[in-house]
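Engineer: Got a sequence here, can you model it:
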Amino acid sequence: MKKLLSTMMLALLAMGVYAQGNGQPQRFSPEQFQADLEAFITKEAGLSQQEAEAFFPIYKEMQDKQRELFDKQRELAKVKPSDEQGCRKAIRESDEIDLELKRIQKAYHLRFLNHMSASKLYDVLQAEMRFHRRMMRNWNRGFSQQQGMWPHQQHNGWPNQRNNWPNQHNNNWQRQQKQN
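Structural biologist: From the prediction side, this is the model:
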């Protein structure tokens, strides 16, 4: 999960997307991404308004701390050190960052448990993982060439069931794309 999150955060920070509308390039919107993430987690994990209001400020705090470490990891990965000693140092620093990310995650999981049941937190963590996987899958797939928008936008929000998501295994979606 940590690698998925790391990859997702790095990819999202670097990517630009095109929006439907005037066809002009539009940069990735962290605010829109966060809003989509919160809506998805709230719906998929079945969070009440009260639970969401208690959870998301703490979650954002955790994300901010993690983002600082992701930035450090990205800086480490930009240039390969020129010698063995430099490579060892970079590997050790990267490992330390990974461990610190896990410590942060563990500490915040304990904080989340003060506001919701373990079962509910488990659902939240699973929903977060599904959200990031779908976003990566959509990012890898790119825009729908027909409509010029992301597949989740074609469905007016996030569907409840995984099978409703357009993907390479969804024959109905493929048929629809061929007809358009």
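
Engineer: C-alpha only now, for contacts and for neighbours.
Structural biologist: Will do.

Engineer: Could I get the full set of helices for the protein?
Structural biologist: Remark: helices assigned in the chain by DSSP state H are 2-14, 30-45, 49-78, 84-113, 118-141, 171-179.

Engineer: Now render those as CSV, adding mean pLDDT and mean neighbour count.
Structural biologist: Formatted as CSV, the helices of the chain follow (pLDDT from 0 to 100; neighbours: other Cα atoms under 10 Å):
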stretch, mean pLDDT, mean neighbour count
helix 2-14, 48, 14
helix 30-45, 92, 16
helix 49-78, 93, 15
helix 84-113, 95, 14
helix 118-141, 89, 16
helix 171-179, 50, 11
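
Engineer: got a list of what Ile41 touches?
Structural biologist: By Cα atoms under 8 Å, 6 or more residues apart in numbering, the contact list for Ile41 reads 47, 124, 127-128, 131.

Engineer: do the same with Lys72
Structural biologist: Lys72 makes contacts with Ile97, as judged by Cα under 8 Å, 6+ apart.

Engineer: Please tell me how far it sits from Glu51.
Structural biologist: Remark: distance between Lys72 and Glu51 (Cα to Cα, to the nearest Å) = 32 Å.

Engineer: do the same with Leu37
Structural biologist: Distance, Leu37 to Glu51, by Cα to Cα: 15 Å.

Engineer: Could you do Glu84 as well?
Structural biologist: 50 Å.

Engineer: again, but for Ser29
Structural biologist: 25 Å.

Engineer: phi, psi of Asp83?
Structural biologist: Per-residue torsions, Asp83: phi -140, psi 170 (degrees, to the nearest 10).

Engineer: How many residues are close by it?
Structural biologist: The number of residues packed near Asp83 is 8, by other Cα atoms under 10 Å.

Engineer: And it, how far from Glu31?
Structural biologist: To Glu31, Asp83 is 41 Å away according to Cα to Cα.
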